[in-house]
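>>> no sequence on this one, just coordinates:
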């Protein structure tokens, strides 16, 4: 595991998946379709358990300007600044099972809240679906 530092809060806009995990790809595709300017963004997946223990998933991206989410009819999520534990999964598309293994490893950390928020970060390219690596991070600030 590694540490990832966000020096500032990040405001993200998102599309919620209807069901987890079946609708994850659809949520990302819907978000991608809504965006007129796709380049230069970071893309994320945010997952957490609701009050009934059901996993909620949000496909999210960074904002290019302050009122962008409202102008697109999207809600926002505030990613808090802090230092987070993370695991990198290179070429995750070739080993989807590695995603579940990464979550299990993060859950072994005694500071991880089992029902806490988790973040998937998709990096390395301007186009989300060409991205070849993923970072999974536990969102409880260390």
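Everything's here; your move. A quick note: this is a predicted structure, and the numbers were derived from the prediction, not measured.
>>> ok, the most centrally placed residue in the chain to residue 81 distance?
In the chain, the centroid-proximal residue (Cα atoms, centre = their mean) is residue 45; its distance is 2.4 Å. With distances taken as Cβ to Cβ, to the nearest Å, residue 45 is found 20 Å from residue 81. All C-beta atoms are positioned from the backbone trio N, CA, C, and that covers glycine.
>>> and stretch 49-66, which residues are buried?
Buried residues in stretch 49-66, counted by 16 or more other Cβ atoms under 10 Å: 49, 57-61, 63.
>>> average model confidence for that stretch?
Mean pLDDT, stretch 49-66: 90.
>>> quick one: that stretch to chain centroid distance?
8 Å (Cα atoms, centre = their mean, to the nearest Å).
>>> got the end-to-end distance for stretch 43-62?
7 Å (Cα to Cα, to the nearest Å).
>>> ok, residues contacting it?
For stretch 43-62, contacts defined as Cβ atoms under 8 Å, 6 or more residues apart in numbering pick out 10-17, 20-21, 23-24, 27-28, 30-31, 35, 41-42, 77, 79, 115-122, 128, 131.
>>> what bridges to the residue nearest to the centre of the chain?
residue 59, residue 120 (DSSP bridges).
>>> correct me, but residue 7 touches residue 81?
Yes - proximity of residue 7 to residue 81 meets the contact threshold set by Cβ atoms under 8 Å, at 6.0 Å.
>>> please, which helix or strand holds the nearest residue to residue 21 once chain neighbours are set aside?
Leaving aside its sequence neighbours, residue 21 sits nearest to residue 57 (Cβ to Cβ, 6 or more residues apart in numbering; 7.3 Å). For residue 57, the enclosing helix or strand under DSSP states H and E is strand 55-62.
>>> likewise for residue 100?
helix 97-108.
>>> pretty sure residue 17 sits against residue 29.
No - the criterion here is Cβ under 8 Å, and residue 17 misses it with residue 29 at 10.8 Å.
>>> start to end distance for stretch 33-44?
End-to-end distance for stretch 33-44: 15 Å, by Cα to Cα.
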